[in-house]
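# Give me coordinates for this.
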Amino acid sequence: MNLPNKITVFRFILIPIIIVISVIDSLYAEPLIENLWVGNLIIFVLFAVGAFSDFLDGYLARKHNLVTTFGKFMDPLADKMLVMTVLIILMVQQDSKLAPWVVIVIMAREFMVMGIRTLAAGENKIIAASKIAKVKTTVQFFMVFILLLGGVPFALINETLSNVIEYVLIYAAAILTIVSGLDYFIKNKEIVLKTK
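Purely as a prediction, here's the structure:
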């Protein structure tokens, strides 16, 4: 297994660690400041490491010609699993701004894309992430960063500004999720429609 693929596997390993930290935090922790919890701060660091590793493995794979079928399939899957895990954690937290419908939309899109990728793999086709999907992932990452930090640094300046930025990121992520999902379906509808 080459280095980019090992980095992808590392992102999968982060997921159970994040879940354990969230459970411990919900049972025992107190907020550092309003809306900013110790567990969320640790999860923020781990999520940031995961986001950077996503950039790093792609960069290394392209630069050193280490692009593999495993990487094309598992790299986006690692992103999805990491984001969905943190979204669910954020959704169930007290006073969460992240509405369940947004998480459901994001998860439905991700499962649909995984289904299309699986069908394509059955025909020996690998569907790489599209440009709009990469933009969607970037916006989702920023949304998660801000929500994990309880709106900081914006909340330290103005609570209203913080709320506006958080909701703009949430709705932008939801819209991009829907658009990128439709983009995947339209570009690969032949694979879906001819499946028996």
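
# where do the strands sit along the chain?
Ranges of strands in the chain, per DSSP state E, are 31-33, 36-37.

# neighbours around the residue nearest to residue 113 when sequence neighbours are not counted, how many?
Counting by C-beta to C-beta, 6 or more residues apart in numbering, residue 113 lies nearest to residue 184, which is 5.2 Å off, once chain neighbours are set aside. Using the backbone N, CA and C atoms, a C-beta is placed for each residue, glycine as well. Neighbourhood size, residue 184 [other C-beta atoms under 10 Å]: 21.

# Please apply the same query to residue 71.
Per other C-beta under 10 Å, the neighbour tally for residue 71 reads 23.

# right, and it touches residue 60 too?
No: contact between residue 71 and residue 60 fails when scored by C-beta atoms under 8 Å: they sit 9.9 Å apart.

# okay, and the common contacts of these two?
With contacts defined as C-beta atoms under 8 Å, 6 or more residues apart in numbering, the residues shared by residue 71 and residue 60 are residue 4.

# can you give me the helices in this protein?
3-28, 38-63, 69-92, 100-122, 131-148, 154-157, 159-187, 189-193 (DSSP state H).

# how far away is the closest residue to residue 132 other than its chain neighbours from residue 121?
Using C-beta to C-beta, 6+ apart and skipping the chain neighbours, the partner closest in space to residue 132 is residue 180 (4.7 Å). Separation of residue 180 from residue 121 (C-beta to C-beta, to the nearest Å) stands at 19 Å.

# Who has more neighbours out of the two?
The neighbour comparison of residue 180 against residue 121 (other C-beta under 10 Å) goes to residue 180, with 21 against 14.

# List the contacts of the more buried one.
By C-beta under 8 Å, 6+ apart, residue 180 lies in contact with 109, 130, 132, 133, 135, 136.

# Quick one, which of the residues you listed are buried?
Among these, those scoring as buried are 109, 133, 136 (criterion: 16 or more other C-beta atoms under 10 Å).
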